[in-house]
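requesting a structural model of the entry that follows:
(one chain, ligands or ions: 1)
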Amino acid sequence: MLEVLKQQVYEANMALPQNNLVTLTWGNVSQIDREKGLFVIKPSGVDYDALRPEDMVVVNLAGEVVEGEMNPSSDTPTHAFLYRHWQQLGGIVHTHSKWAVAFAQAGIPIPAAGTTHADTFYGDVPVADRLTKEEVDGDYELNTGYSIARVFDREKIDPMALPGVLTNDHGPFTWGVDAQDAVHNAIVLDVVAEMDYHTMQLNPSQDLHVPQYLLDRHYFRKHGKGAYYGQKNSNKVSSK
Ligand SMILES: O=C(CO)[C@@H](O)[C@H](O)COP(=O)(O)O
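Below is the predicted model of the structure:
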């Protein structure tokens, strides 16, 4: 079943090593068929060089395997939670891209410091709350999903205006209307994280945020004023 979707998800997963967003078997991509209530995700721990479209695993929104010989990604509960929590999501990516992971490990949001960022993310990319020992010892991946939703719900951020997050101590998740859109956002996220790191080195005392009018100009030029309008001043997302 879902052979076309498996091919799309396979190609999106292969884009992760092609864009230097992952090493070894790290990372994963999924995409959902909302009508069927099923999503397709990469199998767990499989080397990208050995990956095939037919290896993709079909999962329901409860995170249960519906079709597939291999175990689904270990992050499947996080993907399933996010699909349940936000109906707008069509595709989700998790990577260990190095510059975004550096910000995630430092617990620092990726600031909306330039127009490169503003074209894709309507504000700072926030850091999710650090998981407690109980959350880690419990259903770790599900609790990762809860930590992501908590920061967006608390800060009243439209997830489609700001399609990415840094899970504390871990790494980035991005999303979009489909898997390819989510991969695009994962690529942009790591590029702007690297740019921001160097900007911070060049001028540590500067407030890195672009002015709201420039954030608006770039974001709405690309996404339209009506689409995914985020909260005003959302580029001032507070750090954790
Ligand atoms: O963060 C981790 C492991 O620390 C996982 O996200 C891996 O990066 C990918 O795991 P699989 O998708 O292969 O299960």
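
what is the helix or strand of the chain with the lowest mean pLDDT packed up against?
Confidence across the helices and strands of the chain bottoms out at helix 212-223, with a mean of 94, counting by mean pLDDT, DSSP states H and E. Secondary-structure packing of helix 212-223 (3 or more Cβ pairs under 8 Å, 6 or more residues apart in numbering; DSSP states H and E): helix 115-118. Backbone N, C-alpha and C define where each C-beta goes, glycine included.

show me what counts as buried in the helix it packs on.
117-118 (16 or more other Cβ atoms under 10 Å).

give me the helices and strands touching that helix, please.
With contacts taken as 3+ Cβ pairs under 8 Å, 6+ apart, helix 115-118 sits against helix 179-202, helix 212-223.

next SSE after that helix?
Scanning forward in sequence from helix 115-118 by DSSP states H and E, the next helix or strand is helix 133-137.

contact residues of this structure facing the ligand?
Proximity of the chain to the ligand (Cβ under 6 Å from any ligand atom) is limited to residues 25-28, 42, 44-45, 73-75, 94, 96.

scan these and report the most crowded one.
Greatest neighbour count in the residues of the chain next to the ligand, by other Cβ atoms under 10 Å, goes to His94: 30 neighbours.

so that one sits against Phe173, correct?
Yes. With contact defined as Cβ atoms under 8 Å, His94 counts as touching Phe173 (5.1 Å).

please enumerate the shared neighbours of those two.
Common contacts of His94 and Phe173 (Cβ atoms under 8 Å, 6 or more residues apart in numbering): Thr78.

can you redo the helices and strands packed on helix 115-118 as CSV with distance to Ala15 and mean neighbour count?
Converted to CSV, the helices and strands packed on helix 115-118 look like this (distance: least, Cβ to Cβ, whole Å; neighbours: other Cβ atoms under 10 Å):
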stretch, distance to Ala15, mean neighbour count
helix 179-202, 5, 20
helix 212-223, 20, 17
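
just put those helices in TSV and tack on distance to Asp137.
TSV is the format used below for the helices and strands packed on helix 115-118 (distance: least, Cβ to Cβ, whole Å):
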stretch	distance to Asp137
helix 179-202	29
helix 212-223	39
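
can you say which of the ones you listed is nearest to Ile148?
helix 179-202 (13.7 Å; Cβ to Cβ).

and that closest one, how far from the chain's centre?
12 Å (Cα atoms, centre = their mean, to the nearest Å).

could you give the average pLDDT over it?
Across helix 179-202, the average pLDDT comes to 97.

do the same with stretch 68-75
Rounded mean pLDDT across stretch 68-75 is 97.

residues near Pro204, how many?
By other Cβ under 10 Å, the residues close to Pro204 number 8.

just Gly91 next, same as before
Per other Cβ under 10 Å, the neighbour tally for Gly91 reads 28.

quick one: it from the ligand, how far?
The span separating Gly91 from the ligand equals 15 Å under the rule Cβ to the nearest ligand atom, to the nearest Å.

all set now, cheers.
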